[in-house]
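*Asks:* Predicted coordinates and the sequence they were generated for:
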Amino acid sequence: MVNWLVEYQQQFSHLLKQQKLPHAILLQGLAGSGKQALATWLTQLLHCQSPHYHQSEKVYSACQQCKHCLLYQQKNYPDHQVIKSDKNTIGVDEIRQISHFLEKKAQLGLNKTVIVADAQKMTIAAANALLKTLEEPTNNSTIILLTADAASLLPTVISRCRVLTITPPVGRELLTNKEQSVDLYINISQLPELNDKAIAQEFVHFTQTFIKYFRYQQDFDTLVTLLAENPHSYRWFEKILTNLLRFHSGWEINQSLFTPEELAWLTALAQEKWWKTYQLLLNTNKQIKQLNQVNKQFISEKLLLDCASIMQEK
Ligand SMILES: [Zn+2]
């Protein structure tokens, strides 16, 4: 188990000790963050006949020797199911099958567990079917949803789960974990879609356009189009702003995105301006979420014009 998962194991161990483990858990984390390993550890633990509590680490572990552990390791444990789809979607039938499985009595132990990998692949119908199961949990059942991107799940599903976001260490801290075969590149930004090289390129382009607009008020139209049409752009906007705010508070940022000149400009600009811009963006995000039919073009234009006035304030 990679070392940054220990704190999450501690949280779950604490909940188990208090018998307060939630029925539904949503683990969010990038590929390589270890969410699958964490879910496997937890579900095996729930089935183990003689789990061990490590006082010093405050973490439970499964014994790996009992009948249940052996069956689990062989992927033959009857009261545990994993939904992992190779297709683009997880359909309603797969989710109904989980519901039936959970309604039945456990065959061996007391608990029943389900892991749904890539939960964002659920179709709307599947997600709605899952909702029913989440609303009426059966005794001693635990559902763990895994996703790289909780934002693409139905809010009603999210609200019925205990959400845990696994954030692997970044920057210097990450380098010390390098031997644990983590892809350095993907973890730096914490944005799941940037695993895709083509989208990562778009992100670089977006960042450059962003700088050009905020610094020189150029490329207004390009930036509006990106905001209105690129589904990731608002999150990227938010990401850039949080990075700049962190940068102003002494955090490291990915400097390769900026020229030395741009960095000097970023440093010289008052943090207050980025803070105001950030607040503005959050409000705009709220508007976008609240309206059903939103004119993204118009809202993006307004946002950028308001940002420009913040930049020009004395
Ligand atoms: Zn065991």
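*Replies:* Arrived safely. This is a predicted model, so every value here is computed, not measured. Residues are numbered from 1 along each chain as shown.

*Asks:* What lies in contact with stretch 48-63?
*Replies:* Identification of contacts with stretch 48-63 by CB atoms under 8 Å, 6 or more residues apart in numbering yields 6, 9-10, 12-14, 16-17, 41, 44-45, 47, 66-69, 72, 109. For every residue, glycine as well, the C-beta is placed using N, CA and C.

*Asks:* out of these, which are buried?
*Replies:* Among the contacts of stretch 48-63, the ones that count as buried by 16 or more other CB atoms under 10 Å are 9, 12-13, 16, 41, 44-45, 47, 66, 68-69, 72, 109.

*Asks:* Number of residues surrounding Leu21?
*Replies:* Per other CB atoms under 10 Å, the neighbour tally for Leu21 reads 18.

*Asks:* Look up which helix or strand it falls in, please.
*Replies:* Remark: Leu21 resides in no helix or strand, with elements defined by DSSP states H and E.

*Asks:* Surely it and Thr142 touch.
*Replies:* Yes: Leu21 is in contact with Thr142 according to CB atoms under 8 Å; the separation is 6.6 Å.

*Asks:* Need the overlap of contacts for those two.
*Replies:* Both Leu21 and Thr142 are contacted by Leu46, under the criterion CB under 8 Å, 6+ apart.

*Asks:* For the nearest residue to Pro22 once chain neighbours are set aside, give the beta-bridge partners.
*Replies:* In this structure, Pro22 finds its nearest non-sequential neighbour in Arg162, 4.0 Å apart by CB to CB, 6 or more residues apart in numbering. When bridges are taken as DSSP bridges, the partners of Arg162 come out as Ile25.

*Asks:* switch to numbering from 19
*Replies:* All set: I'll call the first residue 19, so the last point we hit is now Arg180.

*Asks:* In a helix, Leu56, correct?
*Replies:* Yes: inclusion of Leu56 in a helix is indicated when DSSP: H, G, I helix; E, B strand; the rest coil is applied.

*Asks:* Got the confidence number for it?
*Replies:* Leu56 carries a pLDDT score of 96 in this model.

*Asks:* quick one, what contacts it?
*Replies:* Leu56 touches 19, 23, 26-27, 30, 45, 184, counting by CB under 8 Å, 6+ apart.

*Asks:* let's see it at 6 Å
*Replies:* Neighbour list for Leu56: 23, 26 [criterion: CB atoms under 6 Å, 6 or more residues apart in numbering].

*Asks:* one step back: looking at the buried ones among the contacts of stretch 66-81, which is nearest Asp324?
*Replies:* For the buried ones among the contacts of stretch 66-81, the closest approach to Asp324 (CB to CB) belongs to Phe30, at 43.5 Å.

*Asks:* Right, I'll leave it there.
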